[in-house]
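[1] mind folding the following:
(2 chains)
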Amino acid sequence: MTLRKYLVLFGVAVFAVTGDSLVSRGMKEVGGVSLHHLSGIVLVVFRPEIALGVLFLLAFFACYMAALSWADLTYVLPATSVSFILLTLVARFILHENVSLARWLGVLMISIGVGFVTQGPALTPQPRRRESHDRLAVPVSARIEP
Amino acid sequence: MKQLYAWSAVACIVLTSTAGDVLLSRAMKQVGDVAELRRHSGLAHVLGRILRNPNFVLAILAMATAFYAMLFGLSWADVSLVVPASTSLTFVSNAAAAKIFLHERVDHRRWLAALFVAGGVILLAL
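    Numbers count the residues shown, from 1 in each chain, chains lettered A, B, ... in the order given. The predicted model follows:
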């Protein structure tokens, strides 16, 4: 694993937390959206907070796709669950919310899960993957890293 | 009856989001390392390869279905039930689906990681 790849995984976690938080805050200000006035749900994306949140969520999706292009799904998902830990730390130390013992235990369990998965290889060695015939495609099997 | 609706929504979210993740993972493996591809042939080429991949299109459809199932689930039950239940079960179902459909080597370390993260997500929701 190179530093660039760790940064991509960190990007998945950070962008997801930031995007979700911004959209959630924006939607709370908007209030309930009625199913009878669906135009309201389209117009909310023009609110600055929600627009910024959507941009962060797009960045999250780009990083997530990039990570899946060189790592297993069963590696990327637990490794990027660092976002749950970040969210709890933000809630406690920036938003000064009360974090219960059960939630701290949850953070501990997620940290252990992340530790388990990141110690192993990121990609399952495949003898031969069915790639497209494009010569520019980089065979995944040639990029196995510890 | 509402409980039945809520758990049906959770099952639908888990199934569709797992399908979305597995299809997206397969699509991106077929595309190849995006950073190296971009260096060789530019961003437009990478985007073209991704958008033309049928698995990518199916993945987006599955994820959109999961999103709407989540909205329906939230209208039938509390967020404190729907979100942690679907998120934690998705971690476990993804591990099984990746082993079956993507032939990933899901060893005891990865199973433990999925189970610990799933358990942690449930505790965070308490």
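
[2] could you pull up the mean pLDDT of the host helix or strand of A:V42?
    Assigned by DSSP states H and E, A:V42 belongs to helix A:39-43. Mean pLDDT, helix A:39-43: 68.

[3] after that helix, which helix or strand is next?
    Using DSSP H and E, the next helix or strand after helix A:39-43 towards the C-terminus is helix A:48-68.

[4] what residues sit buried inside that following helix?
    Neighbour counts over helix A:48-68 (16 or more other CB atoms under 10 Å in any protein chain shown) mark A:49-50, A:53-54, A:56-57, A:59-61, A:63-68 as buried. Where C-beta positions appear, they are placed from N, C-alpha and C, glycine not excepted.

[5] hey, where'd the helices end up in chain B?
    Shown for chain B, the helices assigned by DSSP state H span residues B:2-31, B:34-41, B:43-52, B:54-76, B:79-101, B:108-124.

[6] what comes into contact with stretch A:59-74?
    With CB atoms under 8 Å, 6 or more residues apart in numbering or on different chains as the test, stretch A:59-74 has contacts from A:5, A:8-9, A:11-12, A:15-16, A:19, A:76, A:79-80, A:117, A:122-124, A:140, A:143, B:21-22, B:24-25, B:28-29, B:31-35, B:50, B:94-95, B:98-99, B:102, B:104-106, B:110, B:113-114.

[7] only whichever of the residues you listed are buried, select them in PyMOL.
    Buried residues among those (16+ other CB under 10 Å), as a PyMOL selection:
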select buried, (chain A and resi 5+8+9+11+12+15+16+19+76+79+80+117+122+123+124+140) or (chain B and resi 21+22+24+25+28+29+31+32+33+34+35+50+94+95+98+99+102+104+105+106+110+113+114)
